[in-house]
Structures are given as C-alpha cells and as structure tokens.
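>>> Here you go, sequence then predicted model.
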Amino acid sequence: MTEQRASTGRRLGDREAARLRLVETVAGGLADGEVWSFAIDQAVAFLGGVGGMAHVGEGADGDLRLAAVCGLPRRLAEPWQELGAADAATPARAVRERRIVRTAAGARVDGGRRAGEGAEGDGEGGEGEDGGRLPAGTTLVAVPVTTTGSPLGVLTVLTSAAEPPDAASEDFLRRFADRIGDRLRRSRGTAETARPTWWQEPSGSQLLRAMRAIDVGAWEWEVGTGRLIADDAALEVFGLPREDFDDRVETWVGLIHPDDAAGVLAEVDRAIRHRNAYSLEYRICRPDGAVIWLEARGYLTFGAHDEVRRMSGTVWETTGTRQALDSVSRALRHMSDAFLAVDDQWRVVYCNVEAERVLGADGRLLGRVLWDAAPDTASFGLPERYEQAVARGTAVGFEVRAPGTGSWYHMRLVAVPGGLTVYFTDITARRAQAIEGARADHVRSERATRLAELTGALAQALTVEDVVRVTADGIVPLTGAADLRLLLVEEGLRPGDGGAEALAGRGGRFSTMSGTAPGPAGDALRDRVPKLIASREELAAAHPSMDVSSVDGESWLFLPLIASGRPTGCCVLRFDRPRTLGEEERTLLMALSGLVAHALERARLYDEEHSRADKLQRGLLPRTLPALPAVTPAACYVPADTGSQVGGDWYDVIPLSAERVALVVGDVMGHGLTEAVTMGRLRTAVRTLTDPEIPPDELFARLGVMVADLGDSAYATCLYAVYDPTNRSLAYASAGHPPPAVRLPDGTVRFLEMQPDPPLGAGVPPFSVNETVLPPESLLVLYTDGLVEAPGSGIEAGMDRLAARIAGRPDGPGPGEPGGVPLGVLCDSLTSGVLPPGRRTDDAAVLAVLTHGLPERDVACWELPQDPVAAGQAREHVRDQLDAWSLDHLAMTTELLVSELVANVVRHASGPARLRMIRGRTLICEVSDDSLTTPRVRHASDTDEGGRGLQLVASLSHRWGTRYTDSGKCIWTEQLRSPDLV
C-alpha cells in the first residue's frame with residue numbers, strides 16, 4: 001500500500017485537478033444529501049481507503065449525524081450514526097479543532113455518544129468503552145467541511161496505509177473540502193423536509209420519492225464489466241419487464257433507434273473521455289414496436305486509481321412533451337409572420353421559417369445565443385426593451401430594419417415565464433411610400449449641397465491631383481458611380497494612346513490620351529457631348545476592335561472637358577450596373593464638366609510653374625555633400641505646398657583645415673525669386689567667408705551687413721557651426737534660428753543650449769558663440785523652422801515631435817550607425833513625419849550629420865623654443881612621427897615644409913612655436929604662434945636672399961593656408977598621403 005501511495009503521489013497534480021473539476025461539473029446538479037455521498041466516494045478513492053463516512057452538522061449544539069457511507073457494512077457504521085460536539089471521536093475532533101485529524105483505530109474504536117473511539121490525540125489508538133470494532137491496522141483520517149468559517153460536517157476515510165497522508169495529499173483534501181463547502185453553501189437556507197437515515201435512503205434526500213412521483217427511472221452502468229442496473233421505473237421507460245432484462249448494457253444499446261445510435265454512443269464516449277456529465281434526448285424502439293422519446297442524464301464515479309468505475313443517472317420519457325411541442329411548432333413554423341422564443345439566457349429555443357429568413361441564420365439559430373447566431377440583432381436593444389415589457393407587464397412594440405433583406409418589421413415582445421417571445425410583422429409596404437418621398441427630397445437636397453461643395457473645392461484646387469481628388473469626391477457620390485478617372489489630352493502622343501487603361505481599371509486616377517484617340521473617350525471629345533455606354537454589348541458593338549473582356553464595369557459615362565473652346569481631357573465614370581441618364585442628370589453633368597475643365601486647365605499651368613520653381617530652388621542647393629572623416633552628412637529639402645514660388649531655405653557642408661568642418665543651415669524669410677536669389681548670395685558669401693576661417697561671430701557680422709544692404713524688408717535666419725574632430729568640440733552661433741538637436745550615443749536627445757541673436761538684417765554685432773563637446777558618433781540635426789512650425793501648432797510641440805523622431809528605439813542603434821536607420825532615410829522621415837498631416841505652408845530643410853572623432857594616435861603636438869634650433873627639433877619630431885605612422889615617403893617633403901614654417905615663426909613672429917601633425921585624409925602639418933601677422937606670398941627678385949619660403953610651401957603642399965586662433969595664428973599645410981599623388 002505504501003508503494004501504491006508513492007506512485008499515486010507522482011500523479012497527484014493531474015488527479016487533483018480532475019477531482020476538483022468534478023465538484024463543479026457533477027456535484028452542481030445534485031441534492032445536498034447526494035453531494036455528501038459524492039464527496040465521501042471521491043475522498044475514499046483519492047486516499048485508496050477501505051471505506052468512509054460523511055457526517056452532517058445538526059442543531060445549534062453542533063452535533064453530527066451520519067449522512068452517507070461508502071464501503072462500510074451497516075454493522076460497522078451504525079455505532080457512528082450520532083456524534084456529540086464534545087465527543088473524543090475523530091470526526092468530532094476534526095470539526096471542533098477545524099483541522100485534519102488522523103487516529104489509528106487500534107484495538108477498539110467506536111462512535112460517539114454510544115461508544116468511545118480511541119486515545120485522545122493523534123497516534124496510537126486505545127480501547128473504547130463499547131461499540132463496534134474497526135479492522136485492526138486501519139487508520140481514520142477526518143477532514144472538516146466548512147464554509148465562511150462555520151462547520152458544515154466532516155468526511156472520514158478509513159485507510160489501511162501505514163504512513164499518514166503527505167503534505168500534498170492533505171493540501172488537496174483541504175481544497176476538496178472547501179469546494180464541497182462552497183457547493184453546500186449555495187443551497188443553504190432552502191426549505192427541506194425531515195431527512196431519512198443514511199441506511200434507509202442512500203441519497204440522503206427525497207430524490208427517490210420525487211422520481212417515483214414523476215416516473216423517473218434510475219440506472220447505473222458498471223463501465224468495467226458492462227453491467228447495467230436499472231430500477232423498475234427505468235425498465236418501464238425501456239418497455240422491458242424485469243424478468244426479461246439481463247443486466248447487460250448491450251440490451252439497452254439494442255433499443256436505441258438506428259438513426260440515433262451513433263450520436264448516443266458518441267455522447268457517452270465523450271462524457272467518459274472528458275469526464276463530464278452526460279445528458280441527451282433520443283429515441284428508442286421498445287420491444288412492442290413503439291418508438292418513444294426519452295431523456296437520460298448521468299455522472300461518473302471514479303476508482304482509487306482515477307479510473308472511471310461507473311456511470312449513474314436518471315431516465316424519463318419525453319414523448320408526450322415532444323408531441324405537444326411538435327403540434328404547436330407546426331402551427332407556428334409556417335406562419336406568415338416571423339416568430340421566435342428565447343430562454344432567460346437569450347438562447348433560441350424555437351424559431352419559424354420566416355424568422356430564419358429575416359435573421360439570415362439558415363437554420364442555425366436553435367440552441368445559440370440570439371446575437372451570436374444573428375449578430376445584427378445586437379443593435380435591436382432587445383434586453384432593454386425586455387426589461388420594459390417586464391416592468392410594464394404588457395407587450396412592447398417597436399420597428400426595426402431586417403438584416404439582409406432591407407425589409408421593415410414591427411417587433412412585438414411578450415415576456416413569458418422563463419424567457420421571451422418575439423413577433424415580427426412585415427410593414428415594408430406601409431413604409432415604402434413615405435420613405436420614397438423622403439428619399440427623393442433628401443437626394444435633391446444632397447445634390448444641391450454636393451454641387452455647391454464641388455464648385456467651391458474646384459475653385460481652391462491647385463494641382464492636377466487636387467482636381468482629380470476633388471472631382472472624384474464630388475461626382476462619384478453624386479452619380480452613384482463606382483470609380484472616376486481623368487484622361488488629360490497631351491499633344492504629341494500617338495493616336496492609339498487613349499482611354500483603354502481607364503476602361504480596364506488599370507493605372508492611377510488620371511492618365512494621358514491623344515486628342516485624336518479612337519474609342520469612346522475620343523468620340524466624346526470630338527462630339528463634345530457626354531457619351532453613355534449602357535452595357536458591355538453596346539460597347540462591343542460600337543468598338544469591335546476593343547477587347548471587352550478586359551474592361552472593368554458594366555456601364556460607362558464619358559464627359560468631355562472643354563475649356564476656352566479647347567479640349568483638355570475626358571472624365572470617365574464607371575458603374576457596376578447598367579445605367580441610364582435622365583435629362584436633368586445630363587444637364588447637370590454638362591455643367592459640372594465645364595467646371596472641371598477650367599479647374600484642370602488652371603491646375604496644369606500651376607503644376608508646370610511649380611515644377612520650374614522647384615528645379616530652380618534645388619539648383620541653388622548643394623548637389624552632393626562631401627565625404628569627410630569628421631562627419632557623415634545627409635540632407636533633405638521639401639518645398640511648401642501653398643504656391644509655385646520658391647523658398648529661401650538652404651544648407652551646406654564646408655570642409656575646413658585640420659579636418660574641421662563647417663555646418664550651415666539658413667532660411668530667407670518669404671517666398672519668390674528675390675528670396676531665392678538672396679539665398680544663393682548668402683550661401684556663396686558663407687563659403688567665401690569660411691575660406692579665411694573667420695570665427696562664427698565675425699562671419700555673422702559681415703553677413704548681417706550684406707543682408708541689411710538688400711533693404712529693410714530683407715531678413716534671414718542662420719545657424720553656423722564648426723566641428724573639430726581632434727577634440728570633438730562644436731562651436732556654434734545662431735542668428736534667429738532654432739537650436740540644433742543632438743542624439744547622444746546612449747539614445748538621449750536634447751537641444752543645444754543657446755541664446756539666439758536677432759536675424760541677419762535686424763541684429764547688430766556682437767553675436768554670441770556657444771561651444772560644447774560631443775561624444776563620438778553623436779547625431780547632430782540642423783533644420784529650418786518650416787520643419788517644426790505649422791499653423792495651429794507651436795514650435796515647441798514641433799520640436800518635441802522632432803526629438804521623438806530622432807530618438808527612435810532607445811535600446812537600438814542610432815541613425816546612421818550599423819544596424820540603424822540610414823541618415824538619408826532619417827531625413828526623409830523627418831520631413832514627412834514631424835509636421836501634422838495637411839498642406840505644408842513653408843519650406844523645410846534638414847541637415848543631419850553623424851560626428852566622428854579622430855583617434856588620439858592620429859594627432860601629435862610639440863612645443864618648440866623661440867630659437868633657431870627649433871627648426872632642427874621640428875624636423876626630428878617629423879621623422880619620428882612619420883616613421884610611427886608608416887608615412888616615411890613623405891618625410892623629406894614634410895621636413896622641408898615644417899623647417900620653413902618654424903623658421904618663419906622664429907624670425908618674424910613672437911612667442912613659442914607649436915607644431916601639430918594630423919593623420920587624416922591627408923597629412924596635415926600646423927605651426928602656430930602668438931603673432932597676428934599673416935604671412936603672404938611675394939615675388940622675390942633674383943638678388944633677394946629671402947622671400948621664397950612661402951612659395952616653397954605652396955609648391956610642395958596640396959593645400960595650405962592661415963587661420964586665426966584665440967592666441968594668435970596658425971599656418972597649415974596638407975599633403976596627399978598616397979605616394980602616387982605626391
């Protein structure tokens with residue numbers, strides 16, 4: 001037995017769940033007495049016990065009465081029939097102490113008031129005073145059944161296991177007892193007659209008496225042996241005399257009607273497999289030849305190893321009920337009015353043919369919730385109207401439109417016990433005349449409204465796409481067409497080019513055609529009158545060469561578009577059904593075609609002008625951006641949608657010395673050719689002023705003078721930034737421009753702090769310069785206000801949307817990084833997604849750069865003395881550094897350049913000299929000092945001893961120049977690193 005319990009323990013989880021489910025699926029339909037029998041059966045089976053008892057609490061004193069017995073003979077169970085609340089018996093102790101109590105039976109164990117049980121407490125049993133003696137070596141395990149803290153009774157199992165139940169088993173017993181307690185609590189307080197003793201009526205209820213009164217039979221099928229036990233009432237239902245019944249389940253199977261046999265056996269098999277209750281109504285053929293209907297219900301009982309042991313239940317005849325229902329059903333089934341009945345759960349219990357047709361359920365209504373089977377009924381408001389009918393005590397009527405048919409019905413709800421009946425009366429004819437009159441008035445009103453809206457919308461349409469969209473939105477609903485397409489007349493097309501694509505449903509909303517094209521569109525243009533083709537047959541007859549099988553639609557209307565006496569196109573309306581035109585419609589469509597033609601002509605002129613302006617604007621912007629080691633740039637420009645005039649937004653990326661780069665973005669206020677020219681002049685001026693590499697504040701001062709000279713109405717905003725990859729510093733200044741956004745490598749986005757100065761042309765020097773340090777691989781975004789500012793939306797909201805777009809996924813790679821969004825795609829995303837949807841009222845330019853830092857190993861610096869020996873030291877530093885960089889082939893040239901520059905500093909400048917070498921795209925050498933004197937190249941005569949140094953520098957360098965620093969000046973040279981280019 002110990003080994004058996006251990007094996008059982010390994011399957012405890014599955015068994016536990018199955019038994020707990022049985023409490024809901026089986027015990028839910030039992031009387032209280034039957035619940036106690038069910039509970040002790042399951043407890044004994046779970047513990048593998050020899051038998052068990054269920055006691056029920058009685059009276060205020062808490063005494064216990066035996067309610068059910070499992071597996072124990074009457075001789076052993078009778079001493080336990082009544083137990084006092086204070087008895088030492090194991091069941092009484094379990095109830096009193098509210099815990100599981102285990103007691104070894106020992107030598108003599110008895111009940112309560114008539115016998116003692118054993119030693120007090122858990123452990124070995126002792127002698128009782130009198131009463132029955134339980135088998136030696138057995139143990140009692142008592143589990144109290146409570147609800148909301150109050151005891152209801154106790155389940156006591158007699159087991160021969162030497163070991164007590166383990167913790168998992170005790171936990172299950174508690175949970176099982178709680179479920180039983182919950183089930184019993186739900187039925188407490190109901191009136192009950194005096195309950196019989198456990199040995200007189202095993203169910204502990206009035207079930208047998210009630211069953212006999214209503215001719216309900218009981219049966220029990222032993223699954224393992226196939227034995228079927230049936231009482232007299234059940235055999236009477238089957239039509240079998242007691243002496244003719246052989247207790248075989250096959251005999252019952254043989255009685256089932258052949259048409260129902262497969263379904264009945266499948267339902268039995270399903271109940272066993274799923275361990276659920278069994279309930280079914282079916283027919284049987286009695287031995288006397290009569291065919292009757294019966295209903296059978298049953299539940300399962302399980303053995304010690306969780307196997308199905310038996311199925312028990314009830315059976316009764318339902319033939320009379322079905323015949324009565326069939327009579328009523330036949331009367332209602334074919335009524336002209338629709339009728340259905342639902343229960344209190346809104347499940348359809350009856351419906352006639354008309355109801356099925358109205359609700360479109362095709363016979364699938366019965367047994368289903370009404371709005372699940374016919375979803376359209378969910379909008380009828382039936383629950384609310386049902387409540388009205390119950391509250392008033394009268395029927396409730398209202399009108400609804402039937403789903404699918406479009407017919408109108410008057411619904412009448414009548415509340416009946418346990419549900420509701422619903423009647424439908426067809427009122428379609430009664431409503432038709434009133435509805436038709438209202439519809440005609442509505443159509444006329446809607447047509448007038450749409451015509452006014454279309455006229456106003458065409459007057460405001462700018463582009464050809466606008467005209468097509470407005471025309472489709474206005475004419476398609478007005479005519480009931482399925483689709484609309486515009487064919488634009490283009491000169492120079494072949495005569496064969498025409499409306500074939502429009503008829504076939506291919507292409508976009510508009511396409512082109514030749515003015516002399518054959519086909520229905522060309523016919524309408526040549527005749528200058530609307531042409532209606534009412535069917536496919538008419539189309540095939542009028543145009544035999546056309547492939548009618550590829551045509552989309554059933555009828556078509558071709559409206560010629562004539563503006564100023566010249567054909568501009570054809571409007572093609574496609575219908576999904578044959579169509580005719582009345583005289584009123586034909587006149588209306590002719591007027592509309594004139595409006596569309598003039599709007600289309602204006603839109604084509606606008607598109608041509610806008611295209612030229614856009615080309616001019618883009619021609620003034622950089623065609624390509626340079627590839628630089630300091631930054632990876634990308635840019636995007638989007639013109640405004642409000643007019644054909646160009647804007648003044650621009651951007652630029654300008655390489656500087658020492659691998660530095662200047663980043664510029666600006667905006668000339670206004671639109672037009674004047675602003676575009678100003679933008680071009682400013683961009684050229686910025687490039688010119690960056691050549692001597694003057695600081696941002698001085699650059700803005702000079703640009704401001706230039707803009708002011710253009711007149712009082714000329715203003716421009718600008719942001720100028722210089723990025724140095726050697727120390728990753730960014731120096732920037734703003735003239736009325738919004739601050740740049742930075743996405744740091746950790747994914748955070750911020751806007752650089754600055755106090756913007758007034759726009760160029762309005763402000764006066766000095767301009768403030770800000771400086772910050774950017775971590776490597778930071779994303780810097782410069783933009784114009786057209787990206788973040790729109791009517792009805794403040795610039796702060798636009799900047800917030802911009803920051804959110806730049807941030808992207810906080811835990812993913814940044815834009816431009818490996819695995820991240822390419823910078824070009826990011827720029828397109830910003831120009832298309834930052835502003836709210838709608839027409840763009842201003843140009844927008846975006847410049848996005850991914851910053852890089854030069855490695856420390858690629859930069860070398862030295863301090864040199866103010867002494868002639870400095871040139872020799874500089875040459876030595878150059879040789880060593882070029883050897884470390886594997887650029888020995890540049891050593892001689894570099895030594896000459898550095899020697900000449902250092903010598904000039906020692907001879908002509910003041911302060912110590914500083915030498916810096918940078919290995920970038922080129923080899924860069926810089927010599928700086930504290931003097932502001934700028935060297936210049938001069939032409940030395942043949943007899944001059946000096947004056948040729950800078951000529952030598954210019955000759956040996958790829959590029960060279962001078963820039964001012966905070967403490968003086970710097971002379972720099974660049975050499976190509978490739979030996980083939982030296």
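Ah, there it is. Numbers count the residues shown, from 1 in each chain.
>>> any chance you could map the strands in the stretch 101-250 of the chain?
Here the stretch 101-250 of the chain has its strands, by DSSP state E, counting those that start in this stretch, at 101-104, 139-147, 150-159, 217-222, 227-230.
>>> Turn these into TSV, including mean pLDDT, distance to residue 635 and mean neighbour count.
Yep, even glycine has a C-beta here, placed from its N, CA and C like the rest. Formatted as TSV, the strands of the stretch 101-250 of the chain follow (pLDDT from 0 to 100; distance: least, C-beta to C-beta, whole Å; neighbours: other C-beta atoms under 10 Å):
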stretch	mean pLDDT	distance to residue 635	mean neighbour count
strand 101-104	88	85	22
strand 139-147	91	76	24
strand 150-159	90	80	23
strand 217-222	88	85	19
strand 227-230	90	89	18
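>>> Quick check, residue 975 in contact with residue 957.
Yes - at 6.2 Å, residue 975 counts as touching residue 957 under the criterion of C-beta atoms under 8 Å.
>>> between these two, what contacts are shared?
residue 897 (C-beta atoms under 8 Å, 6 or more residues apart in numbering).
>>> tell me the domain ranges of the chain?
2-185, 207-317, 322-426, 442-611, 623-851, 856-981 (automatic domain parsing).
>>> So what would you say the end-to-end distance of the fifth one is?
Start to finish, the residues bounding domain 623-851 are 21 Å apart (C-alpha to C-alpha, to the nearest Å).
>>> Just the element for residue 720, please.
Residue 720 is part of strand 716-724 when elements are defined by DSSP states H and E.
>>> buried residues in the very next helix or strand once past that strand?
Remark: after strand 716-724, the chain's next helix or strand is strand 729-735, criterion DSSP H and E. For strand 729-735, the buried set under the neighbour-count rule, 16 or more other C-beta atoms under 10 Å, comprises 730, 731, 732, 733, 734, 735.
>>> State the pLDDT value of the second one.
Model confidence at residue 731, expressed as pLDDT, equals 94.
>>> Can you report how many residues lie near the residue nearest to residue 175 when sequence neighbours are not counted?
Spatial nearest neighbour of residue 175, excluding adjacent residues (C-beta to C-beta, 6 or more residues apart in numbering): residue 20 at 6.6 Å. By the criterion of other C-beta atoms under 10 Å, residue 20 has 15 neighbours.
>>> Quick one: the domains of the chain as JSON lines, columns for distance to residue 434 too.
JSON lines is the format used below for those (distance: least, C-beta to C-beta, whole Å):
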{"stretch": "domain 2-185", "distance to residue 434": "54"}
{"stretch": "domain 207-317", "distance to residue 434": "49"}
{"stretch": "domain 322-426", "distance to residue 434": "11"}
{"stretch": "domain 442-611", "distance to residue 434": "12"}
{"stretch": "domain 623-851", "distance to residue 434": "43"}
{"stretch": "domain 856-981", "distance to residue 434": "85"}
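>>> quick one, which of those domains is nearest to residue 432?
When the domains of the chain are compared by C-beta to C-beta, domain 322-426 sits nearest residue 432, at 8.7 Å.
>>> Just the endpoints, please. Distance across that closest one?
End-to-end distance for domain 322-426: 30 Å, by C-alpha to C-alpha.
>>> Give me the distance from that domain to the chain's centre.
How far domain 322-426 lies from its chain's middle: 37 Å, per C-alpha atoms, centre = their mean, to the nearest Å.
>>> any weak-confidence spans in the stretch 301-450 of the chain?
Applying pLDDT under 70 to the stretch 301-450 of the chain picks out residues 304, 329, 361-363, 379, 402-405.
>>> Return the residues in contact with residue 908.
931, 933, 935.
>>> In a markdown table: those residues, plus pLDDT and secondary structure.
What follows is those, written out as a markdown table (pLDDT from 0 to 100; DSSP: H, G, I helix; E, B strand; the rest coil):
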| residue | pLDDT | secondary structure |
| --- | --- | --- |
| 931 | 82 | coil |
| 933 | 74 | coil |
| 935 | 72 | coil |
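>>> Most neighbours among those, which one?
Neighbour counts for these (other C-beta under 10 Å) peak at residue 935, which has 17 neighbours.
>>> which residues touch stretch 458-467?
By C-beta under 8 Å, 6+ apart, the list of residues contacting stretch 458-467 reads 469-471, 474, 486, 488, 509-510, 595-596, 599-600, 603-604, 606-607, 610, 641.
>>> Filter these down to the buried ones.
470-471, 474, 486, 488, 510, 595-596, 599-600, 603-604, 606-607, 610.
>>> which one of these sits closest to residue 356?
residue 474 (42.7 Å).
>>> does the closest one really touch residue 457, like I thought?
Yes - using C-beta under 8 Å, residue 474 is in contact with residue 457, at 6.6 Å.
>>> Would you map the strands across the stretch 501-650 of the chain?
Assigned by DSSP E, counting those that start in this stretch, the strands in the stretch 501-650 of the chain fall at 510-513, 531-533, 555-563, 566-575, 631-638, 649-655.
>>> Of all those strands, which one is nearest residue 318?
Using C-beta to C-beta, these put strand 566-575 closest to residue 318, at 58.4 Å.
>>> Give me the buried stretch members for that closest one, please.
Under 16+ other C-beta under 10 Å, the buried positions of strand 566-575 are 567, 568, 569, 570, 571, 572, 573, 574, 575.
>>> what does stretch 162-177 give?
In stretch 162-177, counting by 16+ other C-beta under 10 Å, buried: 165, 169, 170, 172, 173, 176, 177.
>>> Out of those residues, which comes closest to residue 853?
The closest of the buried residues of stretch 162-177, once distances to residue 853 are taken by C-beta to C-beta, is residue 172, at 67.6 Å.
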